[in-house]
Structure formats: structure tokens, C-alpha cells
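Participant: Generate coordinates for the sequence data below:
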Amino acid sequence: MTTGGKTLNFNIGMLGHVDSGKTSLAKALSSISSTAAFDKNPQSKERGITLDLGFSSFQTEAPKHLNDKFDKIQYTLVDCPGHASLIKTIIGGAQIIDLMILVVDVMKGIQTQTAECLIIGEIICPKILVILNKIDLLPEGKRQTAIDKMSRKMLKTLERTKFKSSASVVAVAAHPGSENATDDLEPQGMEELVQVLQAQTYEPDRSCDGPFIFSVDHCFSIRGQGTVMTGTVLSGRVHVNDVVEIANLQITRKVKSIQMFRQSVTSLQQGDRGACCVTQFDPKSLERGIVCTPAVMTSYHAAIVEISKIPYYQGQVVSKCRYHVTVGHSTVMCKVTLFTADSDDKFDLQTTYRYKNELDTTATCKEFGLLEFEKPIICMEDNLLIGSKLDVDVNTNKCRLAFKARILKGIAEKDFSSSFLPKLLIYKNKEREGVVERMHDDYTVICKNLLKKESNMELFSQLKVQLSTGESGFIEGTFGQSGKTKIRIPDGLSPSTREQLGSKKKKNNSNQQQQQQQQTIKVLMNFRRYIYDPSKSIKQV
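Facilitator: Prediction:
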């Protein structure tokens with residue numbers, strides 16, 4: 001919401017499978033290109049696919065439902081790559097958009113990356129618009145029938161998502177003819193597409209309050225001017241002459257000038273796409289990253305998150321496994337430890353939590369995770385993360401997006417394993433089972449197999465146990481040198497138990513094994529072990 005106060009900047013993410021025609025569609029729509037538009041990467045041009053985020057824009061008159069506040073709408077198009085190995089870049093782009101355009105090749109329908117882009121959109125974007133591209137390749141006599149059939153199929157797919165009641169489908173030909181066609185052929189369906197876009201446009205919930213956070217996706221120098229950083233404002237506002245911090249490098253610079261699509265402006269605010277020029281800064285030191293109000297962003301080595309599994313992920317999200325986790329444009333490896341509480345309260349260090357082996361899609365209470373990053377990440381609490389298994393073979397045709405999470409508490413200490421983790425009360429339920437070997441007296445039994453010979457008896461002494469015959473007792477100590485345990489029964493053994501243990505001495509050799517199975521009395525011990533407790537203490541509840 002900038003340029004004269006009467007133009008709304010509306011960010012549209014263009015996602016889809018590789019070669020579905022996203023870049024051609026962006027070119028057909030765009031009137032102004034940014035410095036990061038239309039596959040400027042040489043490898044992109046050579047391979048004919050988008051390898052990086054591209055930005056361009058076009059303007060229209062404000063639709064009727066918004067013309068009481070705005071004169072014009074500036075649509076900023078974020079062209080995200082569709083190649084499977086570049087899913088990290090897609091996630092980075094998706095976090096700065098207000099509406100998602102899902103581009104589908106009408107000849108092929110939903111493909112692997114189409115599905116993954118739809119999942120990302122469902123996590124991040126409030127609205128979606130489906131574009132059926134390349135309709136010119138359909139036989140003219142059967143074209144409308146094929147378009148109607150694919151439209152119904154797409155809407156049926158969206159019924160299983162949050163977009164089921166709001167999605168629209170538009171058929172276009174962004175670049176008519178073969179891939180070698182000239183630019184003389186006019187794109188088809190653009191007018192209808194713009195009309196649908198205007199109808200879907202809304203005023204995003206944006207505010208100038210809070211710290212300035214600028215997601216930089218491109219950095220270059222201009223002789224005699226300085227270094228230009230282009231990106232999208234995630235929060236707050238920046239003015240010319242403000243001092244900002246380049247968070248990745250922890251250095252500060254003054255903003256010399258600001259532009260929005262080649263127009264000089266005095267400020268940018270949340271949601272705006274623009275460029276900030278600073279001096280005395282080498283653009284080679286920053287490809288992507290965060291520029292912000294000084295001292296706002298923190299480098300985290302680990303984080304506590306609220307976490308949930310993505311339903312389309314066919315594998316299990318398992319504790320102690322490693323995943324790729326993406327925050328904005330940064331992707332790092334991390335180890336996940338899962339836990340939950342018996343109540344649905346927010347996370348705090350005073351609460352005791354139960355360790356979980358894997359995420360449960362049917363869980364009724366909140367599920368949390370400790371993420372330990374292989375490399376520190378620069379972000380803020382409440383930031384969204386997406387966990388993936390990007391090392392899975394891209395040709396398996398399976399969703400690689402495993403979980404979504406939101407940071408509840410960032411952990412900045414490098415030595416967090418000793419300074420923070422002992423404060424994190426996560427326990428595992430443990431169970432031990434032994435067998436009563438014999439009765440020592442009416443109040444004591446000797447048990448075997450409950451503890452190992454090398455077990456530290458100090459940890460287990462006085463812990464409560466339960467006999468399978470119903471009596472309650474506690475561990476009094478060791479018995480002998482072979483790892484046997486003396487169990488004290490304060491209320492004494494019941495007459496039937498005494499008789500059962502006493503009869504073991506009188507059993508007939510012919511049916512000895514059968515009687516022994518009938519007379520076996522088990523000793524059960526349940527306890528908790530806190531996984532980050534340095535003393536490895538044991539507790540019972």
C-alpha cells in the first residue's frame with residue numbers, strides 16, 4: 001500500500017510443475033519487469049525452465065469492491081520454479097504472496113510438483129486461482145469439452161483442501177503455438193484472467209507497526225549509486241535515511257534511496273515489493289537474506305515449535321530423524337525430537353511433556369518439537385517453517401513435504417545442549433518386568449530379571465513395584481551378586497500368594513514345567529526417565 005497512498009500492492013505467487021508455462025504467463029501479464037524477472041539465470045535460459053524466483057508486475061484500475069480506498073492495484077507476480085530439486089526456492093517464494101496462481105498444463109493435469117505447490121499454498125496462502133494453460137494445443141473441435149473436464153477434475157481435487165469453496169479455474173494459452181513459435185501470436189484468455197484476478201483481489205491485513213523486516217531475493221550494484229537490494233517487506237516500514245541491519249552479516253547500513261518498479265518512493269511498508277539502495281556494501285556477500293531493524297533478528301541454533309504432519313506425506317515424521325527445514329529463503333538440515341502434553345495449553349518450561357516417537361494426525365492435544373539445526377538460522381519467534389525430505393528420489397512421485405511448524409521459542413545459545421535442554425522436561429515412560437523367584441519372609445520376596453547386574457541400584461532404590469497377584473511394594477535393595485532384587489511388601493503377602501510361593505517347593509517333577517508357568521508371579525515397575533536430565537534420574541508418579 002504505497003505510491004501516493006492510493007495504489008495497493010498485491011503479491012501473486014505463480015507455482016506449478018516444471019514446464020507448465022508459468023514464466024510465459026507472467027510475461028503475458030506483465031508490463032514492468034523487476035531486476036529479478038524472467039529467468040535471467042543463464043542456466044535457466046539454456047534449459048528453458050525457471051531456476052530462481054522471478055518478479056514482474058502490471059497495474060489495473062481498482063475493482064469496485066476496493067475503489068473506495070484505492071485508485072489502482074499493482075499486481076506483483078512471483079514466478080516460482082517448478083523443477084523438483086528447487087522446492088526450497090518455491091517455499092521461500094510462497095511465504096511472501098497474497099494469492100496463489102496454480103498453473104496446470106491442460107494436456108497433463110496434476111503432476112508431482114503441482115501437488116507439492118498446492119500443499120504449500122494450502123499452508124501459506126489464503127486464496128488460490130487455477131490456470132489451465134496451453135489450451136491452444138487441444139483439438140479445436142474438442143477443446144471446450146476437454147477444458148470443462150479438466151476444470152471439474154481440478155475443482156474435485158480442491159474439495160479436499162481449504163480452497164474448496166473459493167477456487168476459480170481459468171483457461172488460457174499464454175504462449176500459443178509450439179515452443180518455437182514467434183511472439184506475434186496473441187495470448188488467449190488474458191482478459192478473462194485479469195477480470196477474475198480483480199474479483200479475487202482483497203486488501204491484505206497489513207500494518208506499519210512492528211519492526212521492519214525485508215526479505216531480500218536479489219542484490220546487485222549500480223556504478224555511482226551503491227548496492228541495491230530487492231525484495232518484499234514482511235513487516236513494518238522503512239524510510240529513506242533509516243539505518244537497517246543486514247541480519248546474515250550483522251552489519252548496519254543507511255538506506256540511501258528506495259524504488260518500487262523504477263519509481264522513486266520515500267518509504268516501503270508491509271506487503272510492498274521494492275528496492276533499497278545502500279552504500280559501502282559488497283553485493284557478492286548477500287545473495288538472499290533478511291534486512292531489518294537493527295537487533296531484531298536472532299541467529300538460532302535450535303527452536304521449540306508447534307508442529308503438525310502434512311496429511312499428504314506418506315511417510316512417518318519420527319523423532320531423532322533428520323529433515324530439511326525451510327524458513328523464508330533459508331533451508332538447513334535439522335534433527336527433530338517430538339513431544340506433547342496431556343493438556344492443550346501453550347508451551348512453557350514449567351510444564352512436563354511426554355516424549356513421542358512419531359507425529360499423530362489424529363492427536364487431540366498440541367504436538368511440539370525440538371528442532372536442532374545443523375547450521376544456525378536467522379529468523380524470529382512465530383516464524384513458519386516447513387519440514388521436508390528433499391533427499392527422497394524426485395522420480396518417486398510422492399510428496400516430500402513432511403510437516404509444518406511455527407517457532408514458539410528460539411534457542412540462541414550455541415551450547416544449548418548443556419544450557420537449555422536440561423530445563424526442558426520431556427520424559428519417556430519406561431517399564432521393567434521381573435519374576436518372583438522365592439519368598440524370603442511374609443513381607444519380602446526375591447525377584448530376578450527386574451534389573452540388570454550392572455544397574456545402578458541407587459537410581460532404583462525405593463521405587464514402587466506391583467506384583468501380578470495384586471500386592472504393592474518397593475525395591476529395598478540388591479540380593480546376592482547376580483543382579484537379583486529384594487522387594488519389600490509393607491502390608492505383607494496375601495495368604496494365597498504365600499501359599500502359591502510355598503507350593504513351589506512341593507511341585508511334582510512330572511508336571512514341573514506346567515505348574516511353574518501357573519505359579520509364576522510377575523513384578524512390574526513403571527517409571528519416567530527425563531531424556532535431557534544430566535543426572536539420568538528416575539521418577540514415578
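
Participant: What separation do you get for Pro534 and Gln350?
Facilitator: Pro534 is 19 Å from Gln350, where distance means C-beta to C-beta, to the nearest Å. C-beta coordinates here come from the backbone N, C-alpha and C atoms, glycine included.

Participant: Just grab the bridge partners of Leu371 for me.
Facilitator: On the basis of DSSP bridges, Leu371 is bridged to Ala303, Val336.

Participant: mind showing which ranges of the protein have poor pLDDT?
Facilitator: Applying pLDDT under 70 to the chain picks out residues 1-5, 31-55, 80-96, 178-184, 329, 393-396, 503-518.

Participant: tell me the contacts of Phe460?
Facilitator: Residues near Phe460 by C-beta atoms under 8 Å, 6 or more residues apart in numbering: 451, 475, 525, 538.

Participant: biggest strand in the chain, by residue count?
Facilitator: Taking DSSP state E as the criterion, the chain has its longest strand at strand 426-441.

Participant: one step back: between Pro534 and Gln350, which one's more packed in?
Facilitator: Taking other C-beta atoms under 10 Å, Pro534 and Gln350 do not tie; Pro534 has more neighbours (9 against 6).

Participant: close enough to count as contact, that one and Pro422?
Facilitator: Yes - judged on C-beta atoms under 8 Å, Pro534 makes contact with Pro422 at a distance of 5.8 Å.

Participant: Now do the most centrally placed residue in the chain against Leu401, distance only.
Facilitator: Closest to where the C-alpha atoms of the chain average out (C-alpha atoms, centre = their mean) is Ile386, at 1.9 Å. Between Ile386 and Leu401 the distance is 6 Å, computed by C-beta to C-beta.

Participant: Next: Asp391.
Facilitator: 13 Å.

Participant: With neighbour numbers in mind, choose between these two.
Facilitator: Counted by other C-beta under 10 Å, Asp391 and Leu401 do not tie: Leu401 has more neighbours, with 24 against 11.

Participant: so who does that one touch?
Facilitator: Going by C-beta under 8 Å, 6+ apart, Leu401 touches 87, 116, 119-120, 310, 312-313, 386-388.

Participant: Which strand residues bridge it?
Facilitator: If you apply DSSP bridges, the partners that Leu401 bridges to are Ser388.

Participant: Give me the spatial nearest neighbour of Ala115, chain neighbours excluded.
Facilitator: Of all residues not flanking Ala115 in the chain, Cys399 sits nearest, at 6.3 Å (C-beta to C-beta, 6 or more residues apart in numbering).

Participant: Surely the one you found and Ile310 touch.
Facilitator: Yes - Cys399 lies in contact with Ile310 (C-beta under 8 Å); the separation is 7.1 Å.

Participant: who touches both of those two?
Facilitator: Ile119.

Participant: thinking again about what came up before, could you identify the buried members of the contacts of Leu401?
Facilitator: 87, 116, 119-120, 310, 312-313, 386-388 (16 or more other C-beta atoms under 10 Å).

Participant: Quick one: name whatever helix or strand follows the biggest helix by length in the chain.
Facilitator: The helix that spans the most residues within the chain, counting by DSSP state H, is helix 143-158. Counting by DSSP states H and E, the next helix or strand C-terminal to helix 143-158 is strand 168-171.

Participant: Report all helices and strands that the following helix or strand past that next one contacts.
Facilitator: Using DSSP H and E, the helix or strand that follows strand 168-171 in sequence is helix 190-200. Helix 190-200 sits against helix 22-29, strand 128-133, strand 168-171, with contacts defined as 3 or more C-beta pairs under 8 Å, 6 or more residues apart in numbering; DSSP states H and E.

Participant: would you list every one of the helices in the stretch 401-541 of the chain?
Facilitator: Counting by DSSP state H, counting those that start in this stretch, the segments of the stretch 401-541 of the chain that form helices are 416-419, 457-460, 495-503, 512-519.

Participant: wait, the stretch 1-150 of the chain
Facilitator: Using DSSP H, counting those that start in this stretch, the helices of the stretch 1-150 of the chain run over 22-29, 42-47, 87-94, 112-124, 143-158.

Participant: Now render the ones you listed as JSON lines, adding distance to Lys254.
Facilitator: Below are the helices of the stretch 1-150 of the chain laid out as JSON lines (distance: least, C-beta to C-beta, whole Å):
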{"stretch": "helix 22-29", "distance to Lys254": "34"}
{"stretch": "helix 42-47", "distance to Lys254": "34"}
{"stretch": "helix 87-94", "distance to Lys254": "27"}
{"stretch": "helix 112-124", "distance to Lys254": "33"}
{"stretch": "helix 143-158", "distance to Lys254": "47"}
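
Participant: closest one to Arg432 among these?
Facilitator: Among the helices of the stretch 1-150 of the chain, the nearest to Arg432 by C-beta to C-beta is helix 112-124 (42.6 Å).

Participant: Between strand 128-133 and the closest one, find me the angle.
Facilitator: Using axes from the mean of the first three to the mean of the last three C-alpha atoms, to 10 degrees, the inter-axis angle of helix 112-124 relative to strand 128-133 is 160 degrees.

Participant: List the contacts of Ser299.
Facilitator: Per C-beta under 8 Å, 6+ apart, neighbours of Ser299: 376-378, 412.

Participant: Please identify the buried residues of the helix or strand containing it?
Facilitator: Using DSSP H and E, Ser299 sits within strand 298-309. By 16+ other C-beta under 10 Å, the buried positions in strand 298-309 come out as 299-305, 307-309.

Participant: now do stretch 439-459
Facilitator: Residues 439, 443-445, 447-448, 450-451 are the ones in stretch 439-459 that count as buried (16+ other C-beta under 10 Å).

Participant: With stretch 207-218 instead?
Facilitator: Neighbour-count burial for stretch 207-218 [16+ other C-beta under 10 Å]: 212-218.

Participant: Near the nearest residue to Val392 once chain neighbours are set aside, how many other residues are there?
Facilitator: Spatial nearest neighbour of Val392, chain neighbours left out: Arg400 (5.1 Å); criterion: C-beta to C-beta, 6+ apart. Arg400 has 26 neighbours, counted by other C-beta under 10 Å.

Participant: Pretty sure Arg400 sits against Ile386.
Facilitator: No - the pair Arg400 / Ile386 is not scored as a contact, 10.4 Å apart, by C-beta under 8 Å.

Participant: can I get the CA coordinates of stretch 486-499 in CSV?
Facilitator: Provided in CSV are the C-alpha atoms of stretch 486-499 (Å, rounded to 0.1, in the frame of the first residue of the first chain):
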residue,chain,number,x,y,z
LYS,A,486,14.8,-57.7,47.2
ILE,A,487,11.2,-56.4,47.1
ARG,A,488,9.6,-55.2,50.4
ILE,A,489,5.8,-55.6,50.7
PRO,A,490,4.7,-53.3,53.5
ASP,A,491,1.3,-54.8,54.0
GLY,A,492,2.6,-58.3,53.7
LEU,A,493,1.9,-61.0,51.1
SER,A,494,-1.7,-62.3,50.9
PRO,A,495,-2.3,-65.8,52.1
SER,A,496,-3.0,-67.0,48.6
THR,A,497,0.4,-65.6,47.4
ARG,A,498,2.2,-67.2,50.3
GLU,A,499,0.6,-70.5,49.5
